[in-house]
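# Below are the sequence and a predicted model for it; my questions follow.
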Amino acid sequence: MVAIYQHARPANFNQLIGQDHVRDVLAAATEKGRLGHAYLFSGPRGVGKTTTARLLAMAANCGTSIKTKGPCGTCDGCLSVQSGNHPDVTELDAASNNSVEDVRDLREKIGLTPLLGHTRVWILDEAHMLSKAAANALLKTLEEPPPGLMFILATTEPEKLPATIVSRCQHFRFRRLSEPEITSKLVRLCAEAGIQASEQALNLVSRSADGAMRDAESLLERLLAMGKQISIEVAEQALGLPPRDLLETLASHITNGDLKKAMVTADLLYRDGYSPRTICHNLGKIIREAIHSAWGEKGFSLSTPPNDLLRLLHALDDEDYRFTQSEDMYSCEVALIKAANALTGNTPLPLTDSATGLSQVSSSESNLPESVDPAAEVHHALSNNSPVPTIPPLSQTENTNSPARIWEKVKGEAAAQLKAFLIPAKAEVTSKNITLFYSETHRFHYDRITERVGELEQLVHSVAGPEYSITLSGPEKILKKV
């Protein structure tokens, strides 16, 4: 069985979607008979680099005698290139053919004249995987190519290619496709397959593809296996995504300040098998859509101002590190509570709910003492000829003693080497303790900081005070209290 993305490949330049800046130049060069000898196609995966390379190979070996804007797509030459059977068109994977010997073997074959077409075309995929020696061996051929030869290099990382190779190629940068561009092709593919698909379902596939047409076609193939009708519910189930209505409800509860209902909704998603990371990640997408909706775009909307939604989104992103340590419901609850607090700045007070066992948050603003502005006190004293009150040192003010400021001061006072081991850590600062979290990717930093924990403890005591303790949380999720 042939995959959708294989039989849905464009047969000519007119069918190429989303890369108009590339298509127009290549079509004009084909029409005028001014195709180059070396091309470099770079861009994200799945956006049409290899497809365009094959179309260019078809154009170079098209059997029609009339100069057209691209390959005809119907002659024997075009059809054989499209099926991968043309003797003059060779595709190589640079990841498995990156040695000097492979390139030398390639250079020996380059001198052969075309068998059936006009041009021998070599398509080198993932060209950035070439070794330095192999790239240097290829450079000579690019500098002095024999007649009837074309090289097409495709890569996702053009910066890894030597500048000498890039400078000898016509470089085309491919872009991610927009959601409407992807959806338009998915609609056509569903019509050709006789499948009824809702607009919401296809839009969801387009968003999930993240600008890659190949990914969208692969996801569509998964949906086609579900039956002749594709609804938004079928799409969510097939793609393993949380139900959108529950995510919208969760977002509404958080922005309305109803944390109890938000926790109940999150718990429903967790019990349905969705991981905390998946819940928070897709909630972030809903919040982002609401922000764009507030700016005039179509989509889910909330009454919360966009600046507040931005703070909420930023807080969710900051809590993502928790899921590298643990993916239990506790991590999800903490992330949601901190995201909700980003809207108001309140500190949550956990109250046990006997029915659900979840945490509630109540505002305690009325019990907080009013803050006093030292500058206002000085002005008042001068106007009444009263003694000027003593302004406490900056180190004793509330802003400087805030958790974020304390941690920044600790890092700022640390020696260069110790600071390098502290930077990857995620810090949580309370009134008496600083907890540092290290993920698996920063195991080296965690091992080094445990060796220098005495030095760190002295630094914290000198900056924050002797009442502060240090707790280290490593990749094994084991807490080490100093």
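Noted; the coordinates are in hand.
# what are the phi and psi angles of Leu149?
With angles defined as degrees, to the nearest 10, Leu149 sits at phi -130, psi 140.
# Now it. Nearest residue, chain neighbours left out?
Arg120 (5.4 Å; C-beta to C-beta, 6 or more residues apart in numbering). Every residue, glycine included, has its C-beta placed from N, CA and C.
# Return the distance of the one you found relative to Ala8.
For Arg120, the distance to Ala8 equals 28 Å [C-beta to C-beta, to the nearest Å].
# Which one's more surrounded, those two?
Neighbour totals were compared for Arg120 and Ala8, and Arg120 leads with 26 against 20 (other C-beta atoms under 10 Å).
# correct me, but the more buried one touches Met150?
Yes: under the criterion of C-beta atoms under 8 Å, Arg120 makes contact with Met150 at 7.2 Å.
# any idea of the pLDDT on the residue nearest to Leu149?
What the model reports for Arg120 is a pLDDT of 92.
# Could you report the distance from it to Ile110?
For Arg120, the distance to Ile110 equals 7 Å [C-beta to C-beta].
# same check, this time on Glu236
With C-beta to C-beta as the criterion, Glu236 and Ile110 are 51 Å apart.
# Of the two, give the one with the bigger neighbour count.
Neighbour totals were compared for Glu236 and Ile110, and Glu236 leads with 19 against 15 (other C-beta under 10 Å).
# Please report the distance of that one from Val205.
Counting by C-beta to C-beta, the separation of Glu236 from Val205 is 11 Å.
# Lys426 now?
Lys426 is 34 Å from Val205, by C-beta to C-beta.
# neighbour-wise, which of these two wins?
Each of Lys426 and Val205 has its neighbours counted (other C-beta under 10 Å); Val205 has more, 26 against 18.
# Flag the shaky bits of this protein, pLDDT-wise.
In the prediction, the chain carries residues with pLDDT under 70 at positions 1-3, 5-6, 65-67, 345-404, 476-482.
# what comes into contact with the helix or strand where Arg188 lies?
Assigned by DSSP states H and E, Arg188 belongs to helix 179-193. Under the contact criterion C-beta atoms under 8 Å, 6 or more residues apart in numbering, helix 179-193 has outside partners 4, 8, 17-18, 196-197, 199, 202-203, 205-207, 209, 211, 213, 216-217, 220, 224, 230.
# Whichever of those residues end up buried, select them in PyMOL.
In PyMOL, this line selects whichever of these come out buried by 16 or more other C-beta atoms under 10 Å:
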select buried, resi 4+8+17+18+197+202+203+205+206+207+209+211+213+216+217+220+224+230
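# Which of the contacts of helix 179-193 fall within helices?
4, 199, 202-203, 205-207, 209, 213, 216-217, 220, 224 (DSSP state H).
# Closest one to Ala27 out of those, please.
Nearest to Ala27 among those is Met213, at 19.3 Å by C-beta to C-beta.
# Compute the distance between the nearest residue to Ala209 once chain neighbours are set aside and Leu224, please.
Closest residue to Ala209 apart from its sequence neighbours, by C-beta to C-beta, 6+ apart: Ala216 at 3.7 Å. Using C-beta to C-beta, Ala216 is found at 13 Å from Leu224.
# Same check on Asp93?
29 Å.
# what's near enough to touch the residue nearest the centre of the chain?
Closest residue to the average C-alpha location of the chain: Asp210 at 8.4 Å, with C-alpha atoms, centre = their mean. Counting by C-beta under 8 Å, 6+ apart, Asp210 touches Arg176.
# Same question for Ala197.
By C-beta under 8 Å, 6+ apart, Ala197 lies in contact with Leu186, Val187, Cys190, Leu223, Gln229, Ile230.
# for Trp295, same thing?
By C-beta under 8 Å, 6+ apart, the neighbours of Trp295 are Pro306.
# hang on, the earlier thing: spatially, which two of the ones in helices among the contacts of helix 179-193 are the most separated?
Largest separation among the ones in helices among the contacts of helix 179-193 by C-beta to C-beta: Ile4 and Glu199, giving 19.2 Å.
# where exactly do the helices run in the stretch 351-482 of the chain?
In the stretch 351-482 of the chain, the helices defined using DSSP state H, counting those that start in this stretch lie at 374-383, 403-413, 416-422, 443-451, 453-463.
# Just send those back as CSV, with mean neighbour count and distance to Phe41 too.
CSV is the format used below for those (neighbours: other C-beta atoms under 10 Å; distance: least, C-beta to C-beta, whole Å):
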stretch, mean neighbour count, distance to Phe41
helix 374-383, 12, 62
helix 403-413, 16, 44
helix 416-422, 14, 39
helix 443-451, 15, 37
helix 453-463, 15, 50
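# need the next SSE after the longest helix belonging to the chain, C-terminal direction.
The longest helix of the chain (DSSP H) is helix 276-294. Where DSSP H and E defines the elements, the next helix or strand beyond helix 276-294 is helix 306-318.
# List the contacts of that next one.
For helix 306-318, using C-beta under 8 Å, 6+ apart, the contacting residues are 254-255, 280, 283-284, 287-288, 290-291, 294-295, 302, 304, 335, 338-343.
# list the buried ones in that helix?
For helix 306-318, a neighbour-count test (16+ other C-beta under 10 Å) marks Leu309, Arg311, Leu312, Leu313, Ala315, Leu316 as buried.
# Arg45 reaches Thr156, doesn't it?
Yes: under the criterion of C-beta under 8 Å, Arg45 makes contact with Thr156 at 5.6 Å.
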